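Novice: Provide a 3D model corresponding to the input given below.
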Amino acid sequence: MDAVVAISQIRMAAANLAMEPWQRPSDAYLVQLGLDALMADIEAPSLPLLAGLARGEYPQARELFDLVLEELDLLPLTSEDLAKARWTAAQWWAGQIVACRLDPVHGAKLIYEEAAAELDYPDALQPIADLARGLDLPNDQPPDQQHIRDRVTSAARDFLATERTQNHCL
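Specialist: Predicted coordinates:
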């Protein structure tokens, strides 16, 4: 993960902190974001503290995450910053799917829930969102998982090709 993607995921988590308690990112997820940010060579004084929290110290994660947001000058979080972060994350997840580093079914659900739904279902993400929605539909026949993975991978590849030519968020 590079620094731009790590910052994008931090921004998305920051926005989600304002949601209802059951919708907020978990303390464990915030610690993982800290680890990811360190691995992406992002520097902030509180970042190693956040990333180094032991399981029993997770209740401190939100406070440390808030400090990291301040230290990285990510506050206030504007809707434009958040939209750009969601596009960046969608592109990264699609790239991970195409590179076979992210399970296509899981990646489609991430793109659907964390990007497409939050961006009001833009046309560029619609094919992936449709596939992700189809995964949750009750049906009598279990879906052909390999066929779905292939379709998601193809949709992710198409999305990346379209993004390169249109450059939606950059």
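Novice: what about P76, is that helix, strand or coil?
Specialist: What DSSP: H, G, I helix; E, B strand; the rest coil gives for P76 is coil.
Novice: and stretch 53-68, what's its mean pLDDT?
Specialist: Mean pLDDT, computed over stretch 53-68, is 96.
Novice: now stretch 154-165
Specialist: So the average pLDDT for stretch 154-165 ends up being 90.
Novice: how about that stretch: buried residues?
Specialist: 155-156, 159, 163 (16 or more other C-beta atoms under 10 Å). Any C-beta I mention is one placed from the backbone N, CA and C, and that applies to glycine too.
Novice: with the residues you listed in mind, which one is nearest to Y29?
Specialist: Nearest to Y29, judged by C-beta to C-beta, of those is A156 at 23.1 Å.
Novice: Distance check, that closest one against K109.
Specialist: Applying C-beta to C-beta, to the nearest Å, the value for A156 to K109 is 13 Å.
Novice: for S46, same thing?
Specialist: Taking C-beta to C-beta, one finds S46 at 31 Å from K109.
Novice: for A28, same thing?
Specialist: Per C-beta to C-beta, A28 is found 19 Å from K109.
Novice: Poorly predicted segments of the chain, please.
Specialist: Applying pLDDT under 70 to the chain flags the ranges 137-143, 165-170.
Novice: what about the helices in it?
Specialist: All helices of the chain, identified by DSSP state H, fall at 3-16, 27-39, 47-51, 61-71, 79-98, 104-110, 126-135, 145-166.
Novice: Would you mind listing the buried residues in the shortest one?
Specialist: In terms of neighbour count (16+ other C-beta under 10 Å), helix 47-51 has its buried residues at 47, 49-51.
Novice: mind saving the C-alpha coords of that helix as CSV?
Specialist: Output in CSV follows, covering the C-alpha atoms of helix 47-51 (Å, rounded to 0.1, in the frame of the first residue of the first chain):
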residue,chain,number,x,y,z
LEU,A,47,1.4,6.9,14.5
PRO,A,48,3.8,4.4,16.1
LEU,A,49,1.8,4.5,19.3
LEU,A,50,-1.4,3.7,17.5
ALA,A,51,0.2,1.0,15.4
